[in-house]
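K.L.:
need a structure here:
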Amino acid sequence: MTATHEAAAVSPLPAAEPQPAPGATLPRRPLAARAAAELLGTAALVAVVVGSGIQATELTRDVGLQLLANSMATVFGLGVLILLLGPVSGAHFNPVVTLAEWWTGRRGRAGVTIREAAVYVPAQIAGAIAGAILADAMFAKPMVQWSTHDRSAGHLLLGEVVATAGLVLLIFGLARTDQLRYAPMAVASYIGAAYWFTSSTSFANPAVTIGRAFTDTFAGIAPGSVAGFIGMQLIGGVIGLALVTLVFTSGRDADR
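P.N.:
Below you'll find the model as predicted:
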């Protein structure tokens, strides 16, 4: 969206950057800027998840209301973060998404390279840990306290497979159908729904899972449960990519 000269003269907001012509692609940002966006975005996402969970438990003892508040804050926060940082790094905030993009792009398609993925994933994990510590600090909780919330039950692990497979199917399905412009709303909406329809409340993200082990609050996960969750998330990512291939294969791909 471009402003007229008259509007720009009186507006307190900075002028918008020039937009590319229709069909053109935005230039890629430096890798350092993209990694910073992934770190910042993942940190903010975990701060929203953990902070809203703490706030909810301090305001009500009704577990249903706590989950409602936590999920709504996550939906709004995630949508804003994708909208803001998507043009910079793609707004992955999730190692499964990063690895899936590398896998789908390894044959010359657009996507992150293995070198870029090796930078993105540590940035996401560091951001998740920082976000959990920040949320605890804002609510005067111990800044690092291992969670005691055990989540190792089999039905919870199954929930993570379903949640992550659905997330990957959504993101890469949008990409295959040229509808990524709807990603902020669609991805946030899916995560909000998955909070409620999956038994695990939809972590669906290895970095966020690691970060949430650092807080012994409503959103935490015991360190002993982390490996199981991450393993199921990786399996869910593979299933999600398989579903993308099955559902969104074009005629040209089938012929090939």
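K.L.:
what's next to stretch 209-229, contact-wise?
P.N.:
By C-beta atoms under 8 Å, 6 or more residues apart in numbering, the surrounding residues in contact with stretch 209-229 are 42, 46, 49-50, 53-54, 56-57, 66, 70, 125, 127-133, 135-136, 141-142, 144-152, 156-157, 160, 200, 203, 206, 230, 233. Backbone N, C-alpha and C define where each C-beta goes, glycine included.
K.L.:
average pLDDT across that stretch?
P.N.:
Across stretch 209-229, the average pLDDT comes to 97.
K.L.:
what is the neighbour count of the closest residue to residue 79 other than its chain neighbours?
P.N.:
Spatially, and ignoring its direct neighbours in sequence, residue 79 is nearest to residue 188 (3.6 Å; C-beta to C-beta, 6 or more residues apart in numbering). Using other C-beta atoms under 10 Å, residue 188 has 20 neighbouring residues.
K.L.:
try residue 32
P.N.:
Residue 32 sits with 10 neighbouring residues when counted by other C-beta under 10 Å.
K.L.:
cool, and residue 148?
P.N.:
Neighbourhood size, residue 148 [other C-beta under 10 Å]: 11.
K.L.:
pLDDT weak spots in the protein?
P.N.:
Counting by pLDDT under 70, the low-confidence segments of the chain come to 1-27, 107-109, 250-256.
K.L.:
buried stuff in stretch 47-66?
P.N.:
Across stretch 47-66, burial judged by 16 or more other C-beta atoms under 10 Å covers 47-57, 66.
K.L.:
rewinding a little: distance of the residue nearest to residue 79 from residue 77?
P.N.:
Distance of residue 188 to residue 77, computed by C-beta to C-beta, to the nearest Å: 8 Å.
K.L.:
likewise residue 44?
P.N.:
7 Å.
K.L.:
same check on residue 165?
P.N.:
23 Å.
K.L.:
compare the two and say which is more crowded by neighbours.
P.N.:
Taking other C-beta under 10 Å, residue 165 and residue 77 do not tie; residue 165 has more neighbours (24 against 19).
K.L.:
what about the more buried one, which helix or strand?
P.N.:
helix 154-176 (DSSP states H and E).
K.L.:
what of residue 42?
P.N.:
In the assignment (DSSP H and E), residue 42 maps to helix 31-59.
K.L.:
what's the answer for residue 111, then?
P.N.:
Assessed by DSSP H and E, residue 111 sits outside every helix and strand.
K.L.:
same thing with residue 86?
P.N.:
Short version, using DSSP H and E: residue 86 is in helix 63-89.
K.L.:
list the buried residues in that helix.
P.N.:
With burial defined by 16+ other C-beta under 10 Å, the residues of helix 63-89 counted as buried are 66-67, 69-71, 73-75, 77-79, 81-82, 85-86, 88-89.
K.L.:
nothing else from me, thank you.
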